[in-house]
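S.K.: Sequence plus predicted model, see below.
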Amino acid sequence: MLMMGICSLGQIHSQDTLSVEREQQFTYYWYAAEQAFEEERYDEALVLYDFCHQLNPSDGMTLYQLGRLYEALEQEERAMESYKLAFSLSPRDLWQSYFSMLLELRTPEGYSEALRVLEEAERHNSTDKDLLSRLVWMYMSNQDWKNALITQDKIDHLQGYDVYSAINRYRIYAQWGKNKKAIEAIDTYLEQDPSNIQLLLFRLQLMEQMGARTADLYALYEKILAIDPYQLLVLNNYAYHLATHGGDLKRAERMSERTIREEPNNPVYLDTYGWILYLQGQRSLALFYLHRAAQYADDETRAVIEEHIRIVEQK
């Protein structure tokens, strides 16, 4: 996780008043340390940054650089402690490295502290969209849907309701189990961009999960395929729905055939094609495709395919 360079962070130094002499010493040691670090003379850089820290203990940027050095030296615990101190001195700007190291711990305590870091940083800078986006993600990871939405409201206030707003709200509401709200979030953006394939696919996924009316599903299938006739998953699902709900089997076969031409080893598409052939009375050919589907399937998918094979073989 070595972060190269400091220019992207800017010169975030403490504004504490130093005497002219100490300020000159600090500046001299700082740039000498920076050069040593860039040239990978880490031991020398460590001594020089330590001098800077002694001259100005409240300078967060020095502690940040010490954290980078400790990472380069593979001293992770000391790096973490330096990043933590840097964050405590400059929570507005020096939160990212501490936050990242906390996530890398992959422990409940690490995630909890990472959330605290983001919340503290946000209190000092509520207009940082990257910070707010990470905060939304952390709230979602904790299933704190209400705070995730509150934070997304802040993002939308800064940049307007765009496609990312719609996607974030869709994910929050869908994981919360509020599918109707998720669809409303998508529809709000589709009013601006009715041909957005990604959001139309999200909408379709929710409608399929909710068991939407056949007519509504078919209308959305048709809309997506009119925009992109090679949306293979849509072709597959549409074909399977037609076949299992008394629809046009010939049309279902043509759509399904297109999917296996594009992905001849996809077990889901092969299973759909085999089942459609069976429903048309082509038992032998159906078994050929169903057995081929089982050959490429994972354990979960294979269970469904084997049930189809059992039914066909019993006839």
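M.R.: Everything's here; your move. Numbering: from 1, shown residues only.
S.K.: how about stretch 182-192: buried residues?
M.R.: Using 16 or more other CB atoms under 10 Å as the test for burial, stretch 182-192 gives 182-183, 185-186, 189-190. (C-beta placed from N, C-alpha, C; glycine too.)
S.K.: again, but for stretch 44-58
M.R.: By neighbour count on 16+ other CB under 10 Å, the buried set for stretch 44-58 is 45-46, 48-49, 51-53, 55-56.
S.K.: and if you look at stretch 260-270?
M.R.: Under the neighbour-count criterion of 16+ other CB under 10 Å, stretch 260-270 has 260, 266-270 buried.
S.K.: Then stretch 221-236?
M.R.: Neighbour-count burial for stretch 221-236 [16+ other CB under 10 Å]: 221, 224, 231-232, 234-236.
S.K.: mind exporting it as PDB, just the C-alpha atoms?
M.R.: C-alpha atoms of stretch 221-236 as PDB (Å, rounded to 0.1, in the frame of the first residue of the first chain):
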ATOM      1  CA  TYR A 221     -37.400  -7.000 -22.300                       C
ATOM      2  CA  GLU A 222     -38.500  -5.500 -25.600                       C
ATOM      3  CA  LYS A 223     -37.300  -2.100 -24.600                       C
ATOM      4  CA  ILE A 224     -33.800  -3.300 -23.700                       C
ATOM      5  CA  LEU A 225     -33.500  -5.500 -26.800                       C
ATOM      6  CA  ALA A 226     -34.600  -2.600 -29.000                       C
ATOM      7  CA  ILE A 227     -31.600  -0.700 -27.700                       C
ATOM      8  CA  ASP A 228     -29.200  -3.600 -27.700                       C
ATOM      9  CA  PRO A 229     -30.300  -6.800 -29.400                       C
ATOM     10  CA  TYR A 230     -27.300  -8.700 -28.100                       C
ATOM     11  CA  GLN A 231     -28.000  -8.500 -24.400                       C
ATOM     12  CA  LEU A 232     -27.500 -12.200 -23.900                       C
ATOM     13  CA  LEU A 233     -28.800 -12.500 -20.300                       C
ATOM     14  CA  VAL A 234     -32.000 -10.600 -21.400                       C
ATOM     15  CA  LEU A 235     -32.400 -12.800 -24.400                       C
ATOM     16  CA  ASN A 236     -32.000 -15.900 -22.200                       C
END
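S.K.: and that stretch, how far out from the chain's middle?
M.R.: 25 Å (CA atoms, centre = their mean, to the nearest Å).
S.K.: what's whichever strand or helix holds residue 27 in contact with?
M.R.: According to DSSP states H and E, residue 27 maps onto helix 20-38. With contacts defined as CB atoms under 8 Å, 6 or more residues apart in numbering, helix 20-38 is touched by 6, 18, 42, 44-45, 48-49, 51-52, 55-56, 59, 62, 65, 68-69.
S.K.: rerun that using 6 Å as the cut-off
M.R.: With contacts defined as CB atoms under 6 Å, 6 or more residues apart in numbering, helix 20-38 is touched by 44-45, 48-49, 51-52, 55-56.
S.K.: same question, stretch 199-215
M.R.: 170, 179, 182-183, 186, 190, 217, 220, 224.
S.K.: Out of those residues, which comes closest to residue 127?
M.R.: Ranked by distance to residue 127 (CB to CB), the contacts of stretch 199-215 are led by residue 170 at 24.2 Å.
S.K.: The helix or strand harbouring the closest one - contacts with which helices or strands?
M.R.: Per DSSP H and E: residue 170 is located in helix 163-176. Packing partners of helix 163-176 (3 or more CB pairs under 6 Å, 6 or more residues apart in numbering; DSSP states H and E): helix 145-159, helix 179-190.
S.K.: can you list the weak-confidence ranges in the stretch 51-200 of the chain?
M.R.: Within the stretch 51-200 of the chain, not a single segment meets pLDDT under 70.
S.K.: Tell me which helix or strand the residue nearest the centre of the chain sits in.
M.R.: By CA atoms, centre = their mean, the chain has its centre lying nearest to residue 137, at 8.1 Å. Assigned by DSSP H and E, residue 137 falls within helix 129-141.
S.K.: Contacts for that helix, please.
M.R.: Outside helix 129-141, the residues that reach it (CB under 6 Å, 6+ apart) are 115, 118, 121-122, 147-148, 151-152, 154-155, 158.
S.K.: got a winner among the residues you listed for most neighbours?
M.R.: Neighbour counts for these, by other CB atoms under 10 Å, peak at residue 151, which reaches 27 neighbours.
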